[in-house]
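Engineer: Fold the following, please.
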Amino acid sequence: MRALGIDPGSRVTGWGVVEHAGAGFRELASGTIRLGTTDTLADRLARLHVECLALARTWTPDALVLERNFVAHNVQSAFRIGEVRGVVLAAAAAARLRVHEYAPAAVKLAAVGHGRADKETVGRGVTAILRLGVRPPADAADALAVALCHLQQAPLEAAIARAERSARSRRAAERHE
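Structural biologist: So this is what the prediction gives:
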């Protein structure tokens, strides 16, 4: 399984592609999309949409993964992040990717073992788990952490879904007996 993690930002958006590798995980690529500071918001969002589509075409992930929204102290920043997330979600839909979202604490737990880690700690954790030679930029590290979180939780979520389908089938069969 391969996951494309995205850490949306109105100026810098981090991205990272991670896949299962035996019993562990492997980074395939990561980076940042730096959007122009003098471009209009509409132009930045349009460029981000194109870049996300290109990432989906290049890396053919099984899923696109985001951190769930949280309420920021600055309402304007929260609105901007919401607009950026909307563009990322639209790109995922256009690329026919399943989208998964995880709470910030779950992402930090996956990367470092506790849900209150700062950006620096998340960067160190991602570097260690993926055995990277160089710590990625903070936005890319956050995107890698989101992808890791999904890959760690996806097998459990799939098993739960199978069990729920099986239970529904059994109940339906019992009703028809």
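Engineer: what mean pLDDT would you report for the strand or helix carrying E101?
Structural biologist: If you go by DSSP states H and E, E101 is part of strand 98-102. If you average the pLDDT over strand 98-102, you get 96.
Engineer: For A90, list the residues it contacts.
Structural biologist: H49 (Cβ atoms under 8 Å, 6 or more residues apart in numbering). Using the backbone N, CA and C atoms, a C-beta is placed for each residue, glycine as well.
Engineer: how far away is it from E101?
Structural biologist: 15 Å (Cβ to Cβ, to the nearest Å).
Engineer: ditto for R170
Structural biologist: Per Cβ to Cβ, R170 is found 30 Å from E101.
Engineer: So the two - more neighbours on which side?
Structural biologist: For R170 versus E101, neighbours defined as other Cβ atoms under 10 Å are more numerous around E101 (17 against 10).
Engineer: any idea how far S166 is from the nearest residue to that one once chain neighbours are set aside?
Structural biologist: Excluding the flanking residues, the one nearest E101 by Cβ to Cβ, 6 or more residues apart in numbering is R68, at 4.5 Å. Applying Cβ to Cβ, one obtains 28 Å for the distance of R68 from S166.
Engineer: now do I129
Structural biologist: 33 Å.
Engineer: re the thing from before, so between R68 and S166, which is more surrounded?
Structural biologist: R68 (14 against 10).
Engineer: confidence score at D43?
Structural biologist: 93.
Engineer: Contact partners for it?
Structural biologist: D43 neighbours (Cβ under 8 Å, 6+ apart): G36.
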